[in-house]
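Asker: okay, sequence plus prediction incoming.
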Amino acid sequence: MKSSPLPEPDPQVAASVRAMYYGKRKVPVPLAVAIRDKMDDDWLEGADFAAAFGKRGRPGNSSLVLGLVTILQFAEDLSDRAAADKARDSLAWRYLLGLQAGDPGFDHSVLPEFRAKLAAAGLERAAFDAQLAWLKKEGLVRAGGKQRADSTGVIAAVAALNRLELAGESVRAALEALAAAHPAWTRSVLDESWMRRYGTPVTSWKPPMTEKKREELALAYGKDGYALLAAVDDPKSPCWLKEIPATVTLRTVLDQNYLRTAGEDGTEVIIRREKGPSFEDGGLPPAHERIASPYDLDARWGAKRDEFWLGYKLHITETCDDAPPCDCGGPCRAGCAAAAFPNLITDVATTPATVTDNAMTSVIDDHLAAAELLPARLYEDSGYLSAEILVNERRRHGIILVGPLLADTSAQARAGNGYARADFAVDYGLRAVTCPQGKTSVSWSPCTQNGKDAIVATFSPGDCGPCPARELCTSSRTKRRQLTVPPRELAEAQAAARAAEKTRSFQADYARRAGIEGTMNQAVRHGARRARYRGLSKIRLEHAFMAVALNFIRLHAYWTGTPLNRGNMTHLARLELDLAA
């Protein structure tokens, strides 16, 4: 793959584009034409993708052309085949790509190969980083402004399996891979019962109705899986069968879901792992380690409020500075810079669904710092924030994080009845805590909980035992209250943040974050809610190219002075707005 600049448009193609879109008749300029005319020719270069390709062998398609096609593919939500067809048939695309009038184009199978090479080389963000560099040079994004962030769940491109289906489908996937790699060996270890059980996908038929039958089937899957692995591990079998990915996956799935123990008579007994105990004590492994599908090893089960899904989580950060003043002398209309002023995506991050939002706050800030786009104020919801994060990010990057902190999650606070932590008076100078009944703690113990500094204040059983309000305070068997409080710096930051949340100025300022919901809706309409590919690296690439495409869509609206189309409003939604007015 040679790094070559983007060819100049074919003169015949360029003349047709000028006559069609820049003639007397005002025809909307397509996105592809606007990118070619407005962007620098070297904003994206083949060198950005060079590390993914070899320097020897038969010459391949231009990586620069394939990168631009992938961007347009996400902008128009096209399949690989449709994108390859449009690169050949569309005059606007040919103009952008610099293809000659008689160029036959390329086969659609080149696009997945291109993406796979980028993902394997760790170049998922290459196009996004190149676009950010150009936006920064043009002054369209800058450090020190205002930005906002949010996340959404992404459903994996595989079937959602329960534990029973996972075990059966993992055995079937291994059999399929072995049958393709070594048909004769696979035929020698199978019998008719295996063909009946694993001949079709486990999800294509209904599982047994009773719990007893389902348990029997789950154990049968486990026994079959271990029997298959025993055949693979047999010294007479080809040693490379152990290295087939589906075989490795089956081994992991069985270890995570079954236990092999010895019965009273010394024979091996296979039992299922249960929820509750630790993995070492026979329980299931943590959710972030547990394989959920044999076809996508990175997909995990996630939950957010009432939503439960198998897949990933997408985090998007965008600018939200004030638009320039209206320059059309009245209500904003087409052509007004204020009406089409773009909010542009400055960071995109993809994680397994089990990664919490607050674990990504520092990661997002580090990405923005690396791009030299750190904002002065970053608006986020409570899932991203805590008192510790507020203090740490201001110390690390000088960022003011704006958003409500999570509420007190103690049993008393959740019930709304009893003495929560806010009802106690903490004196860090005297190293003591006073309860609502006027009693003072007898011990003050700094400690570390879940890797974080904390302080545990303990009250005397002599004070708590006869206290008339003890039932409102604690249900401990020791008949005394223990209160965990953060270090002084965090406590003061938390108190200041909670006080600010109640002010009208904070609520007016925080309303700026609401605009990120429109960005999420736009991303969902371009396929962000459902993954196209499998594997975390490929989905990161998908989301990075999608972010580039969304930025171009917004820039296109800005260049043409046309406000973004926020989507068609249904009659019911319009009725709701009328009622609200």
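Answerer: Ah, there it is.

Asker: from here on, just use CA atoms for contacts and neighbour counts.
Answerer: Noted.

Asker: all the strands of this structure, residue numbers only.
Answerer: Using DSSP state E, the strands of the chain run over residues 146-155, 258-262, 268-272, 300-304, 307-319, 345-352, 377-379, 400-402, 425-427, 432-434, 443-449, 452-458, 482-485.

Asker: distance to residue 550, mean neighbour count and mean pLDDT added to these, as TSV?
Answerer: Shown next, in TSV, are the strands of the chain (distance: least, Cα to Cα, whole Å; neighbours: other Cα atoms under 10 Å; pLDDT from 0 to 100):
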stretch	distance to residue 550	mean neighbour count	mean pLDDT
strand 146-155	15	24	95
strand 258-262	45	15	87
strand 268-272	46	16	87
strand 300-304	25	19	90
strand 307-319	11	22	95
strand 345-352	8	23	97
strand 377-379	20	23	96
strand 400-402	25	21	95
strand 425-427	49	15	93
strand 432-434	52	19	93
strand 443-449	42	13	91
strand 452-458	39	17	91
strand 482-485	44	16	90
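
Asker: which of those sits closest to residue 116?
Answerer: Each of the strands of the chain was checked against residue 116 via Cα to Cα, and the shortest separation belongs to strand 345-352, namely 16.9 Å.

Asker: CA atoms of the closest one as CSV?
Answerer: Presented in CSV, the C-alpha positions along strand 345-352 are these (Å, rounded to 0.1, in the frame of the first residue of the first chain):
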residue,chain,number,x,y,z
ILE,A,345,-17.8,16.1,18.3
THR,A,346,-14.4,16.3,20.0
ASP,A,347,-14.2,12.8,21.5
VAL,A,348,-15.8,9.4,21.0
ALA,A,349,-15.1,6.4,23.2
THR,A,350,-16.4,2.8,23.2
THR,A,351,-16.3,0.4,26.1
PRO,A,352,-17.9,-2.9,27.1
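
Asker: now the angle from that strand to strand 307-319?
Answerer: Orientation check (axes from the mean of the first three to the mean of the last three Cα atoms, to 10 degrees): strand 345-352 against strand 307-319 gives 160 degrees.

Asker: I'd like the strands of the chain laid out as CSV, including distance to residue 169.
Answerer: What follows is the strands of the chain, written out as CSV (distance: least, Cα to Cα, whole Å):
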stretch, distance to residue 169
strand 146-155, 19
strand 258-262, 15
strand 268-272, 16
strand 300-304, 16
strand 307-319, 16
strand 345-352, 21
strand 377-379, 43
strand 400-402, 45
strand 425-427, 56
strand 432-434, 56
strand 443-449, 40
strand 452-458, 41
strand 482-485, 46
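
Asker: nearest to residue 97, out of those?
Answerer: Nearest to residue 97, of the strands of the chain and by Cα to Cα, is strand 345-352 at 24.1 Å.

Asker: ok, how many other residues are close to residue 44?
Answerer: 24 (other Cα atoms under 10 Å).

Asker: how close does the closest residue to it other than its chain neighbours sit to residue 40?
Answerer: By the measure of Cα to Cα, 6 or more residues apart in numbering, the closest residue to residue 44 outside its immediate chain neighbours is residue 130, 6.0 Å from it. Residue 130 sits 11 Å away from residue 40, going by Cα to Cα, to the nearest Å.

Asker: who has more neighbours out of the two?
Answerer: Remark: of residue 130 and residue 40, residue 130 carries more neighbours, 16 against 10, as counted by other Cα under 10 Å.

Asker: so that one touches residue 46, yeah?
Answerer: No. Using Cα atoms under 8 Å, residue 130 and residue 46 do not qualify as a contacting pair, with a distance of 11.2 Å.
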